[in-house]
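Student: For reference, the sequence and a predicted model appear below.
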Amino acid sequence: MKTVIIAVASLPALAALALVSNTAPAQTYPSKPIRLIVPWPPGGGTDAAARILAQALSDNLGEQVVADNRPGATGRIGTEFAARAPADGYTLLMGTVGPNAIVPAASPKLPYDAIKDFAPISLVATSDYILVVHPSLPVKSVKDLIALARSKPGQINFASAGSGSVAHLAGELFKQLAKVDMVHVPYKGGGPAVTATLSGEVSLYFGSGPSVVSFVKAGRLRAIATTGAKRSKTLPGLPTIGETLAGHEATQWFGVLAPAGTPKDIVLKLHTAVVKAVGTPKVAQQLAAVGSDPVSNSPEEFAAHIRTEIAKWGKVVKAAGITFE
């Protein structure tokens, strides 16, 4: 009878093997192209920032990063798609305040959990909104707009990138503080909303800097104010809405997230690549050119930021009586 010898690895050997298994993904990652899901149509602010970042990440990671537009339902379709993707680092999300903070605060039946379903990587940029009007609208200031809206209740309409977007809530907050009646017209993303404002289909739009600043500089839209806490670096001559309407503030942010469960070493590798990209003068200049300020933070800080934003916008939504199905 033959003797069968079964070798049993020692505990230290098993621990070493486990360590190799845990670190292996980052050593070989990435080995194929990465998709950066943009939950909005081409042409909007999120799309512009995502394409700038995708090119920089391609350079930093040595593999192509492709911006993949998945628009619809105020960013919910693309955001859910990213949440359900394999947690292997090859599908990322360009998150924004709308689908990652506002909608979660107001939608009881959301098909994803903005906290539990994602692994935050880093913020990329922030952008104040710019209140722009079609040149035919006879207003040049917030005070002018308030006076006109009060004289024509329900006759002035404003575009948004969709119900629940920051552009929508910026308008609702404006209505509430100014005590005016304006009509909200939602579109399927920033690109269509800008197009509608350019054509005069709607009178005004609270647009992200990346989506409207070039048209302001070209004279095709008139900017009358920004929505930040302080004046914009891109358009320093513009006052903030808050200078006329105390308490009005709305800021867009863009950040990269991965599906929950993505290995921590891959998250850290992506975090390093994003921080490096955002910190380069070229990317900073490109973001500034489309109205955004580059910024980065740790995964933990980004997670805390998202929680704070959900709480903040939840109060605004409740005060405005807005619900989303």
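Tutor: Now that the structure is in, tell me what you want to look at.
Student: what residue lies at the spatial centre of this protein?
Tutor: With distances taken as Cα atoms, centre = their mean, the residue of the chain nearest its centroid is Thr96 (2.1 Å).
Student: show me the contacts for that residue.
Tutor: 39-40, 46, 75, 166, 252-255 (Cβ atoms under 8 Å, 6 or more residues apart in numbering). (C-beta placed from N, C-alpha, C; glycine too.)
Student: quick one: which of the residues you listed is nearest Thr28?
Tutor: Set against Thr28, the nearest of the contacts of Thr96 by Cβ to Cβ is Gly255 (25.7 Å).
Student: of all the contacts of Thr96, which comes closest to Lys282?
Tutor: Phe254 (17.3 Å).
Student: which element is that closest one on?
Tutor: In the assignment (DSSP states H and E), Phe254 maps to strand 251-259.
Student: next helix or strand past that strand?
Tutor: Defined by DSSP H and E, the subsequent element after strand 251-259 is helix 264-278.
Student: Show me what that next one is packed up against.
Tutor: Identification of packing neighbours for helix 264-278 by 3 or more Cβ pairs under 8 Å, 6 or more residues apart in numbering; DSSP states H and E yields helix 11-28, helix 45-61, strand 118-133, strand 251-259, helix 299-320.
Student: Might one say that Gly62 is in contact with Pro30?
Tutor: Yes - shown here, Gly62 and Pro30 form a contact pair, counting by Cβ atoms under 8 Å, at 7.5 Å.
Student: more neighbours, the two?
Tutor: It is Pro30, of Gly62 and Pro30, that has more neighbours when counted by other Cβ atoms under 10 Å, with 22 against 10.
Student: Return the distance of the more buried one relative to Thr226.
Tutor: To Thr226, Pro30 is 38 Å away according to Cβ to Cβ, to the nearest Å.
Student: Kindly report the same for Gly72.
Tutor: With distances taken as Cβ to Cβ, Gly72 is found 28 Å from Thr226.
Student: go on, Ala85?
Tutor: Relative to Thr226, Ala85 is positioned 35 Å away (Cβ to Cβ).
Student: between the two, who's got more neighbours?
Tutor: Using other Cβ under 10 Å, the more surrounded residue of Ala85 and Thr226 is Thr226, with 29 against 17.
Student: if I pick the more buried one, what's in contact with it?
Tutor: Contacts for Thr226 were tallied using Cβ under 8 Å, 6+ apart; they are 128-131, 232, 235, 238-241.
Student: And the strands in the stretch 151-300 of the chain, which stretches?
Tutor: 157-160, 183-186, 204-208, 222-226, 251-259, 293-294 (DSSP state E, counting those that start in this stretch).
Student: Ok, which of these comes nearest Pro104?
Tutor: Short answer: strand 251-259, nearest of the strands of the stretch 151-300 of the chain by Cβ to Cβ, at 12.9 Å.
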